[in-house]
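Colleague: here's my sequence, what's the structure:
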Amino acid sequence: MDPPFSSDGAGMALLPHHPSRRKAWIGKIGAVHGRMPGINKLPLKVLGTIGTLLLVNIVVWVGVGVVLAYHPRMAGTAALAYSLGLRHALDADHIAAIDLMTRRLIADGQRPTTVGTFFSLGHSTIVIITSIVVAATAAAVSDRFGSFSKVGGIIGTSVSAAFLIILSILNMWILWKLCVQLKTIIEKGEERTPDPWDGAGGGPLFRVFKKMFKFIDRPWKMYPLGVLFGLGFDTSSEVALLGIASLQGASGTSFWLILIFPILFTAGMCLLDTTDGALMMTLYTSTALARDQIAILYYSIVLTLITISAAMAIGVIQLLSLILNVAEPTGRFWDGVEKAGDNYDIIGGAICGSFVVAGIGSVLFYGTFRRAVDRRIRKREEREAQEGVMVDGEGDVDLGGEDVIAVDVGDERVQAGPLPDKKARVDVEASAGPSG
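Modeller: As a prediction, the model looks like this:
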């Protein structure tokens, strides 16, 4: 016997298992969703995903609240761990990686809403493992964590920088394809949507990138990538140090109590990263633009250009930060690199702001752009219409039969008739007036 309720849909609430009941529930939810101004602009799948993460955060805080009722001295540290998770979700490498891979999956015809979720879970795995190790062997790890963190930082930063720079190059190819497609629609009226991943004309370098990134063809495959990003220990060290501080500051703190810090950190980071990925998917696949190919291409070009700029900038900053940490060069330039590396949260927030500003600016500019495009399209259509019609000046065109054509042009009459030997025979009769 089937259970009365199921929750097999990603991000969907518990719904009746029976198909007819499930359909009725979805219809009711859709009706309520349609009556909510502002919120009805977001797909139900996106709202379900974000709502699920909000529910998880509430459940986590309820559980932590019960624990903190018996250990009130840990409340401040718990709030700090959660805020660190929220802050790190705004780091530029998170936003760039999630946005780039969301576009990658959309290019394959998917509608991913959990790219940020799996990326955060992979990242948080390193946080949790590190915290467990620190909680179990606090004294030993606290003495040796510095060298371990440095090695992990080199690995994690190298992976992150290489990933962002390579994906930026890949998105440059997509940007070029989008521009070519927009030009083709304007000049020729062809609206065939090409596959930006087909590699045509991309050369061997693009084909290498294509094989590499075709591996991530599902949102859950962002999990191992998040693990690699997490090896940077820029956040693991923060949570691990919170665990060490808690062990030293609260006498008798158990191993299990230490785990509330990485759990809170994970909950906060997953919430914002999931929201970022889901909203980016909504923006890139807006149904309001679905029938207007030119509008889709216009906004895709704008957003792709911002994505490339942000990802390339962050990748270069990470690469320079890696050189700074390993080679330790000096000078004003490297002082600036160090400050940029220490303010990733500000840079990440600036990237989020740039998407908003660019979105508003592109909407305001779109009217001017579209009017210019429409004028070019009308001129093209008028030119094609003129080329497709025979213009005979003062003469008349008479179709005398299947294969007999007589044309009067001024005072000349040109007559072409059928010949059995399939050779053209043209008699030209010149007369000063009407023929007898």
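
Colleague: show me where the chain has helices.
Modeller: 19-34, 44-70, 75-89, 92-107, 115-136, 138-188, 203-213, 222-230, 236-249, 255-258, 260-284, 293-327, 332-342, 344-387 (DSSP state H).

Colleague: and the second one, what's buried?
Modeller: The reference is to helix 44-70. 44-50, 52-53, 56-57, 60, 64, 68 (16 or more other CB atoms under 10 Å). Backbone N, C-alpha and C define where each C-beta goes, glycine included.

Colleague: closest to residue 304 out of those?
Modeller: Nearest to residue 304 out of these is residue 46 (CB to CB; 20.7 Å).

Colleague: distance-wise, check the nearest residue to the closest one once chain neighbours are set aside relative to residue 230.
Modeller: Spatial nearest neighbour of residue 46, chain neighbours left out: residue 278 (4.5 Å); criterion: CB to CB, 6 or more residues apart in numbering. Between residue 278 and residue 230 the computed distance is 21 Å (CB to CB, to the nearest Å).

Colleague: again, but for residue 264
Modeller: Note on residue 264: its distance to residue 230, by CB to CB, is 17 Å.

Colleague: over to residue 256?
Modeller: Distance from residue 256 to residue 230, by CB to CB: 22 Å.

Colleague: just residue 342 next, same as before
Modeller: 19 Å.

Colleague: of these two, who's got more company?
Modeller: Summary of the neighbour comparison: residue 342 and residue 230, criterion other CB atoms under 10 Å, with residue 230 having more neighbours (27 against 10).

Colleague: that one contacts residue 126, correct?
Modeller: Yes: with contact defined as CB atoms under 8 Å, residue 230 counts as touching residue 126 (3.3 Å).

Colleague: check contacts around residue 83.
Modeller: residue 268 (CB atoms under 8 Å, 6 or more residues apart in numbering).

Colleague: what sits against residue 67?
Modeller: When contacts are counted by CB under 8 Å, 6+ apart, residue 67 touches 74, 257, 260.

Colleague: name the member of the residues you listed with the most neighbours.
Modeller: In terms of neighbours by other CB under 10 Å, these top out with residue 260 at 23 neighbours.

Colleague: pLDDT wise, what is the closest residue to that residue other than its chain neighbours at?
Modeller: Nearest residue to residue 260 in three dimensions, chain neighbours excluded: residue 64, at 5.3 Å (CB to CB, 6+ apart). In this model, residue 64 is scored at 92, pLDDT.

Colleague: what's the spacing between residue 64 and residue 364?
Modeller: 45 Å.

Colleague: now swap in residue 339 and tell me
Modeller: Distance from residue 339 to residue 364, by CB to CB: 33 Å.

Colleague: sorry, back to before: mind putting the buried residues of helix 44-70 into CSV with distance to residue 283?
Modeller: Below are the buried residues of helix 44-70 laid out as CSV (distance: CB to CB, whole Å):
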residue, distance to residue 283
44, 16
45, 14
46, 10
47, 15
48, 18
49, 15
50, 14
52, 20
53, 18
56, 24
57, 23
60, 28
64, 33
68, 38
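
Colleague: could you give me the buried positions within stretch 104-113?
Modeller: 104-107, 110, 112-113.

Colleague: mind listing what the residue nearest to residue 260 touches?
Modeller: 78, 260, 263-264.

Colleague: among these, which ones are buried?
Modeller: 78, 260, 263-264.

Colleague: skipping adjacent residues, who's closest to residue 341 in space?
Modeller: residue 321 (4.1 Å).

Colleague: let me see the contact set for that neighbour.
Modeller: By CB under 8 Å, 6+ apart, the neighbours of residue 321 are 157, 337-338, 340-341.

Colleague: same question for stretch 261-274, mean pLDDT?
Modeller: On average, stretch 261-274 scores 90.

Colleague: where does pLDDT dip in the stretch 251-400 of the chain?
Modeller: Counting by pLDDT under 70, the low-confidence segments of the stretch 251-400 of the chain come to 251-253, 255, 286-292, 344-345, 348-349, 351-352, 355, 359, 388-400.

Colleague: please repeat the previous calculation with a cut-off of 50.
Modeller: For the stretch 251-400 of the chain, the stretches with pLDDT under 50 are 251, 390-400.

Colleague: what of the stretch 51-200 of the chain?
Modeller: Using pLDDT under 50, the stretch 51-200 of the chain drops low at 139, 193-200.

Colleague: apply 70 and report the result again.
Modeller: 92-93, 134-153, 155-157, 160, 189-200.

Colleague: for residue 218, phi and psi?
Modeller: Per-residue torsions, residue 218: phi -140, psi 150 (degrees, to the nearest 10).

Colleague: show me what contacts it?
Modeller: Residues near residue 218 by CB under 8 Å, 6+ apart: residue 105.

Colleague: do you know how far it is from residue 104?
Modeller: Residue 218 sits at a distance of 11 Å from residue 104 (criterion: CB to CB).

Colleague: do residue 333 as well
Modeller: From residue 333 to residue 104 the distance is 33 Å (CB to CB).

Colleague: same question for residue 258.
Modeller: To residue 104, residue 258 is 37 Å away according to CB to CB.
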